[in-house]
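A.B. asks: Return atomic coordinates for the entry below.
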Amino acid sequence: MEIEIKRLESEAARQKILMYVERLEQLYTDIRVWLAKENLLVIDTGIDILEQMATYQVTGLSVQTQAGKVLAEIQPAAASVIVAEGRIDVVGWLGTEYLLYMLKPRPELGKPLYKGLNQDAWYWIEDSYRNRAHRLEKSLLLELITLVSDYEFD
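C.D. replies: Below is the predicted model of the structure:
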């Protein structure tokens, strides 16, 4: 994935962005495999990100049917997020769902903020009332696409 950094606050910010992009690339590899099995197209798109620490451009994904209908956009949103190590928005005509890169709880930091965090990974937070995080897997990605697009998978 190409990254174009237009403004940078510090070398620490560069390292944070590079780690975020590495995590995006790993996720995109999974998404392409999962959605190919569903006969969907995954098209690269350019996303401009404006954060306090930097302004940069990364790759997003457009999820489309074989006929070209856009179901969802996978849009990287930020490398710097409170309580997380990055955010991605899953956007469709019905709404937006958020994925956060969460680190496995460290005992020395006390009680974890969310239930279900068992490894460093991308998670969807079900709702803040139940504080339940779900690790992103193929079945959850398909559910999120349905939530934002009303597309029904077979």
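A.B. asks: contacts, neighbours, all on C-alpha from now
C.D. replies: Fine.
A.B. asks: immediately after the helix-or-strand element of the chain with minimal mean pLDDT, which helix or strand?
C.D. replies: The weakest-scoring helix or strand in the chain, judged by mean pLDDT, DSSP states H and E, is strand 4-8 (a mean of 88). Heading C-terminal from strand 4-8, the first helix or strand you meet, by DSSP states H and E, is helix 11-36.
A.B. asks: got the angle for whichever helix or strand comes after that following helix vs helix 11-36?
C.D. replies: Per DSSP H and E, the first helix or strand lying C-terminal to helix 11-36 is strand 41-50. Angle, strand 41-50 to helix 11-36, by axes from the mean of the first three to the mean of the last three C-alpha atoms, to 10 degrees: 160 degrees.
A.B. asks: Next, the residues that contact the helix or strand following strand 41-50 from outside, please.
C.D. replies: Later in the chain than strand 41-50, the nearest helix or strand by DSSP H and E is strand 54-64. Residues from elsewhere that reach strand 54-64 (C-alpha atoms under 8 Å, 6 or more residues apart in numbering): 1-9, 13, 21, 40-50, 70-76.
A.B. asks: Return strand 54-64 as PDB; C-alpha atoms alone will do.
C.D. replies: Extracted in PDB, the C-alpha atoms of strand 54-64 (Å, rounded to 0.1, in the frame of the first residue of the first chain):
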ATOM      1  CA  ALA A  54      -0.200  14.500  10.300                       C
ATOM      2  CA  THR A  55      -2.000  14.800   7.000                       C
ATOM      3  CA  TYR A  56      -1.600  11.800   4.700                       C
ATOM      4  CA  GLN A  57      -3.200   9.600   2.000                       C
ATOM      5  CA  VAL A  58      -3.800   5.900   2.300                       C
ATOM      6  CA  THR A  59      -5.700   3.200   0.400                       C
ATOM      7  CA  GLY A  60      -9.300   2.400   1.200                       C
ATOM      8  CA  LEU A  61     -11.500  -0.300  -0.300                       C
ATOM      9  CA  SER A  62     -14.800  -0.100  -2.200                       C
ATOM     10  CA  VAL A  63     -16.900  -3.300  -1.900                       C
ATOM     11  CA  GLN A  64     -19.000  -3.800  -5.000                       C
END
